[in-house]
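Peer 1: below is the structure, and that's it, no one-letter string:
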C-alpha cells in the first residue's frame, strides 16, 4: 500500500556467481504463505511472506561443482505446485551450453533441505533459463541446448523430449491442452499436453523468439526481435 520496507534478506552475501536474475514466486505451501526466491549463488530459499523469516534453503549444485564450468546460478522463476517447488539451474546464455539440473523440492521441510527436501532430481537436462509449466501431473521444461522435456511431476520420469534444433531462451507455456515454445531460430512449436509426444504444428516468426507466449482476450501474443504479433485462437 505504501511502499515501506517490511523486511529484507541478504543470505547470498558475496557469493553471487554472476548476477541475480530470477523473479521470486509467492504461494501457499502447507498452509504457510511463502516467498520462494531462486538466487544468484545457486540456492533456492523459502521465506515466510509476512515476516521474512527464512524457512528453508536448497542447494541446486553438486558439492563438487566449480564455477563456471559445472556450478550454475538460478535464472528461471520457481514454480510452486502442490507443496513443491520446481526449478532448474543454468547460466547467462552468453556462457554457452553446459551441464544443468532440474529439481522437485518439498517446500514443507525446514532448514537446509538439500537432502531432506529432495523429491527428485532430473539430470538429463542442460543449462536452463526457462521457467517450467506444470499441470495435471506433467512438467514441461526447456533447456538452452534446445530440448523441451516432458516429465512426471511426482517421479521425475521423462515421458518424452523434443529437439527444437535451436537455443531456447523462452519458457514453455501451457494453455488449452497445448504447449507453446519459441526458439532462437524464430520457430514456435505447438505440442499436445500429453504423456505421448505429439507435435501439433510449427511456424516460423521471421526472427528469434526469446520471450514466452502470453494469452489475453482470446489471442496469443508473442514477439520476435522486432515485431509483436497477436494471433487469434479462433481462426
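Peer 2: Received the coordinates, thanks. Just so we're clear, the structure is a prediction, and the values are computed from it rather than from any experiment.

Peer 1: low-confidence ranges, the protein, go.
Peer 2: Low-confidence segments of the chain (pLDDT under 70): 235.

Peer 1: just the helices in it please.
Peer 2: Ranges of helices in the chain, per DSSP state H: none exist.

Peer 1: the residue nearest the centre of it and residue 174: what is the separation?
Peer 2: Taking C-alpha atoms, centre = their mean, the centroid of the chain lies closest to residue 131, which sits 2.1 Å from it. Remark: distance between residue 131 and residue 174 (C-beta to C-beta, to the nearest Å) = 11 Å. The C-beta positions use only the backbone N, C-alpha and C, and glycine is treated the same way.

Peer 1: cool, and residue 150?
Peer 2: Taken as C-beta to C-beta, the span from residue 150 to residue 174 is 11 Å.

Peer 1: compare the two (neighbour count), which wins?
Peer 2: residue 150 (23 against 20; other C-beta atoms under 10 Å).

Peer 1: quick one, what contacts residue 231?
Peer 2: 219, 220, 221, 222 (C-beta atoms under 8 Å, 6 or more residues apart in numbering).

Peer 1: of the residues you listed, buried ones?
Peer 2: Among the contacts of residue 231, the ones that count as buried by 16 or more other C-beta atoms under 10 Å are 220, 222.

Peer 1: which one among the contacts of residue 231 gets closest to residue 164?
Peer 2: For these, the closest approach to residue 164 (C-beta to C-beta) belongs to residue 222, at 15.0 Å.

Peer 1: now do the same contact list for the closest one.
Peer 2: Contacts of residue 222 by C-beta under 8 Å, 6+ apart are 182, 188, 205, 209, 211, 213, 214, 228, 229, 231.

Peer 1: now do residue 137
Peer 2: 152, 153, 154.

Peer 1: how close does the second one get to residue 83?
Peer 2: This means residue 153. Noted for residue 153: a distance of 12 Å to residue 83, by C-beta to C-beta.

Peer 1: neighbour count: the two, which is higher?
Peer 2: Per other C-beta under 10 Å, whichever of residue 153 and residue 83 has more neighbours is residue 153, with 20 against 16.

Peer 1: list the contacts for that one?
Peer 2: So residue 153 contacts 81, 82, 84, 86, 104, 134, 137, 138, 139 (C-beta under 8 Å, 6+ apart).

Peer 1: joint contacts of residue 150 and residue 174?
Peer 2: By C-beta under 8 Å, 6+ apart, residue 150 and residue 174 have these common neighbours: residue 140.

Peer 1: nearest spatial neighbour of residue 223, skipping sequence neighbours?
Peer 2: Spatial nearest neighbour of residue 223, excluding adjacent residues (C-beta to C-beta, 6 or more residues apart in numbering): residue 211 at 5.5 Å.
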